[in-house]
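**Q** next come a sequence and a model predicted from it.
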Amino acid sequence: MEEEYFLSLLEYKNIKRGGLLLEAGRISKVLSFVTKGCLRTFSTQENGIEHILTFAPENWWCSDTLSFNTNAAANYSIDALEDTEMLQITRDKIEVLYEKVPKFERFFRILFQNGFIMQQQRISSELELTAHQKYLKFEQLYPGLEKRIAQNYIASYLGITPVFLSMLRKRK
């Protein structure tokens, strides 16, 4: 019954490859669970250079967490790297869910905590690991994703050039 209620609050959405789910500066109104495809969360500098914060392949949740939880303007954009299908829930519906089924409040608290921990680990990796070690960690975190998305996205995520990424992959 609780699971059915939760599922009744979710809305199905699909987005074509290249489609924009969230634009930086707008408010993130939904939390998305990817069932098929892959999203990326990224920022864009004034000169047009993009920096990828994270990927969201199947079974990952995705949002600009700060914007979603505080109703502030998003710092990041989110788009689809593949045709993507997802289930979405709004902040208002999550609040109702917390009241009606309190165990979901714990579920989402743990989800957000794990996301925070993942971001801290990513920052530490940026500061402490070599490019080769970062790539190995990427493969561990996102198994098989390197076969599905363009090399330039992986290079952006790792903070290296696509040419250097190509050299790393040959070394492996």
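**A** Good, I have the coordinates. What you are looking at is a predicted structure, and each value in this text was computed from that prediction instead of being measured.

**Q** sketch out the low-pLDDT regions of the chain for me.
**A** Flagging of the chain using pLDDT under 70 yields the residue ranges 172.

**Q** quick one: the helices in it, in order.
**A** Along the chain, the segments classed as helices by DSSP state H run 2-9, 65-70, 91-100, 103-128, 131-141, 151-158, 162-171.

**Q** would you tell me which one of these is buried the most?
**A** helix 151-158 (a mean of 19; mean count of other CB atoms under 10 Å). The C-beta positions use only the backbone N, C-alpha and C, and glycine is treated the same way.

**Q** show me what that helix is packed up against.
**A** strand 50-56, helix 131-141, helix 162-171 (3 or more CB pairs under 8 Å, 6 or more residues apart in numbering; DSSP states H and E).

**Q** out of these, nearest to Tyr153?
**A** Closest of the helices and strands packed on helix 151-158 to Tyr153 is strand 50-56, at 6.2 Å (criterion: CB to CB).

**Q** nearest to Ala73, out of the helices and strands packed on helix 151-158?
**A** Going by CB to CB, the one of the helices and strands packed on helix 151-158 nearest Ala73 is strand 50-56, 16.1 Å.

**Q** next up, the contacts around Ser67.
**A** Each residue near Ser67 by CB atoms under 8 Å, 6 or more residues apart in numbering is listed here: Leu22, Arg26, Ile27, Ser28, Ala73, Ala74, Asn75.

**Q** returning to what we had before: would you turn the helices and strands packed on helix 151-158 into TSV with distance to Phe33?
**A** Formatted as TSV, the helices and strands packed on helix 151-158 follow (distance: least, CB to CB, whole Å):
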stretch	distance to Phe33
strand 50-56	9
helix 131-141	18
helix 162-171	29
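
**Q** so for Glu105, which of the ones you listed sits nearest?
**A** Per CB to CB, nearest to Glu105 of these: strand 50-56, 22.3 Å.

**Q** now that closest one against helix 151-158, angle please.
**A** In terms of direction (axes from the mean of the first three to the mean of the last three CA atoms, to 10 degrees), strand 50-56 departs from helix 151-158 by 90 degrees.
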